[in-house]
Every structure is written in C-alpha cells, then in structure tokens.
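Visitor: next come a sequence and a model predicted from it.
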Amino acid sequence: MWQIVTITLTILLAIISYSSMEWMHITNDVYAQDDTINNNSSLYQLANNGTLVRIISSNLVNSLNESASILQLTSIMQEVSNVQYSDKINSSLHGISESDDIEKRQIAEGILEHSDTFEAITYLLPNGDLYMEEPYDRQLGQTKDNFAYRDYYQGAVNTRQAFLGDVIVSSSTGDNVALISVPIYLKEDSSLAGIWSGVLNLDKFNNVLRALSLPDNIRVVYVDGNGQKITDSDSLLSNKSESFVNLNSFKSGKSGKSGNVSEIIDGTKYSISYAPATILSKTWVVMVMIQNG
C-alpha cells in the first residue's frame, strides 16, 4: 500500500517542483520586459504602466492554483480520506497521537518536505474538530480543538470545492496565516469525510517580493479579500499589521478591475497600480505603490 502512496507522491512532488521553479522565475519575467531593466527608470515605467503588477499577480495566481491542485490530488487518496483513528482523538493532544494514522502523516510530511508553499498540513473532521496536523509540534501547540468557525472551513463546506481563506491569526503559532482547504466527500453516500488543508508559508511570498530588489520608494503588497495585508516587499513593514480596505485601489481590485490611481496614505501621496488575483473562489489584490512625496 505504501508503494502506491510513494508513487503518487512522486508524481505530485514533480508538480510542486515545477510550481516552485515558476515562482523563482518571477524576477526574470519582470526583467525580460525591458533590456534596460537594470536602469531604475525602466522599472518605474513598468510599475507605472501596470506591467509589474500584472506579472506579479499572474505568478501569485499560478502558484496558489498549483498548490491547491496538490491538495486536491492528494485528497482523493484513500490514505488521506480515511479517518479510522477518529475515536482516538485526545483533547490534550488536540487530535490523534503522533503514532496514529502514520500514512496520512507521511503524505503530509512528503508535501512539506518538497514544497515551501506550505508550512503545515491539517485534517479536520466534518464537525470542524482537529484530527491531525503536521508538523506534529504545531498540533501540540494548538490552543483550540474545533475550527468550524474559520472561513477556510466554512468556505470549503459551503462551496464544496477547494477554498482559499483570508488572513487569520494562527491558534498554534500566533502568526498571520492563510489556508487552502479541500473538502473530502465519501464515494458511497457523498457525505463529508473531512477537510484537508495546507497552511500557506507567507514568508515565502515576502521573500519572492524582496528578491525583486525594488528601489526604496517602490513597495509591493498582497492584500486579502478583507483588505488585510498578507505580504510586503518592505522588510521593515512586513510584520506590521495594515488594512487597505478603505483605499479605492483595493476596492477596484477586489471587484476584478486593474488600473492606476493616486491615493493618500498616512499623509503621503502614492501612485498605485493594482490588479486582482483571483484564486479558487476568492479574490486577493496585488498593489504596486510608488511614493511620490
């Protein structure tokens, strides 16, 4: 049985590797737009005409859609959908023990080992109770046992499809996180078997943006559907909680539009190019902000 699991994982991890390479090429995609991109004036031109934000948005969409595919493909494996140890859930462990359901944990470990898109994999029972989480120390660090109130659980259940949640504070680490969740239904009676989720590694997205080596007065942010900042190209601001919900650029981006607008943020004028990043049933917004004063 484990041989079948290994073969399936090998195929999936090849997909993951391809996705990772695509993300690594984001800088090349930007630079290829202009032979003189090393000249800052060309970079400003790409930022002002919307080319930069469109490239970044496209890469974000591709990466997260491919990450969702990994969860969807693994979710159909019997080793994932089976919850034969649900009667062994221990509230003190916030789920099953480390030695229970080894095959499911090995599949989760395989995804995490080869993909830096996710930092953890979880499985919830139909009622929202936590069944297991990898890495196991994150499961032990949980402060809650039921997650039926989370948007990633409700979205997956209500849409019956893979769902991208907005930014939340992890009940395990206290850090900002976002999850992609896939509902699993039994073939026999189409009843819900559980929710298979990946916790996105937001540090990766910060690093991707920083790799662009942007001038000090150009800043790129990802914003979730609630207007909450997800990631930031500015390392000094990446840990700062910020809301962009009142900006016209965010409102237009969330409605599916791309464009450019001038806005005042904390007394400073910015030229902002924006583009929607529609992933699964959720729209995030990518914003390229040029400080003008």
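Guide: Sure, I can see it. Numbering: from 1, shown residues only.
Visitor: and the residue nearest the centre of the protein?
Guide: Centroid-nearest residue in the chain: residue 200, 4.1 Å away (criterion: C-alpha atoms, centre = their mean).
Visitor: which non-adjacent residue is nearest that one?
Guide: Computed as C-beta to C-beta, 6 or more residues apart in numbering, the closest residue to residue 200 that is not its neighbour in sequence is residue 178, at 4.9 Å. (Each C-beta comes from the backbone N, C-alpha and C, glycine too.)
Visitor: hey, what's residue 221 bridged with?
Guide: residue 232, residue 287 (DSSP bridges).
Visitor: from here on, count from 9
Guide: Understood, numbering begins at 9; the last thing we discussed is residue 229.
Visitor: now do it against residue 171, distance only.
Guide: The gap separating residue 229 from residue 171 is 23 Å, by C-beta to C-beta, to the nearest Å.
Visitor: can you check residue 292 too?
Guide: Using C-beta to C-beta, one obtains 13 Å as the distance from residue 292 to residue 171.
Visitor: ok, back up a step: ok, the residue nearest to residue 208 - contacts?
Guide: 160, 172-176, 207-208, 210, 232, 238 (C-beta atoms under 8 Å, 6 or more residues apart in numbering).
Visitor: which ones among those map onto strands?
Guide: Among the contacts of residue 186, the members found in strands (DSSP state E) are 172, 176, 207-208, 238.
Visitor: returning to what we had before: pretty sure the residue nearest to the centre of the chain is touching residue 127, no?
Guide: Yes. Between residue 208 and residue 127 there is a contact under C-beta atoms under 8 Å: 7.3 Å.
Visitor: joint contacts of these two?
Guide: Joint contacts of residue 208 and residue 127 (C-beta under 8 Å, 6+ apart) are residue 185.
Visitor: so, low pLDDT: which residues of this structure?
Guide: By pLDDT under 70, the weakly predicted segments of the chain are 9-49, 301.
Visitor: returning to what we had before: please identify which of residue 229 and residue 171 sits among more neighbours.
Guide: residue 171 (26 against 23; other C-beta atoms under 10 Å).
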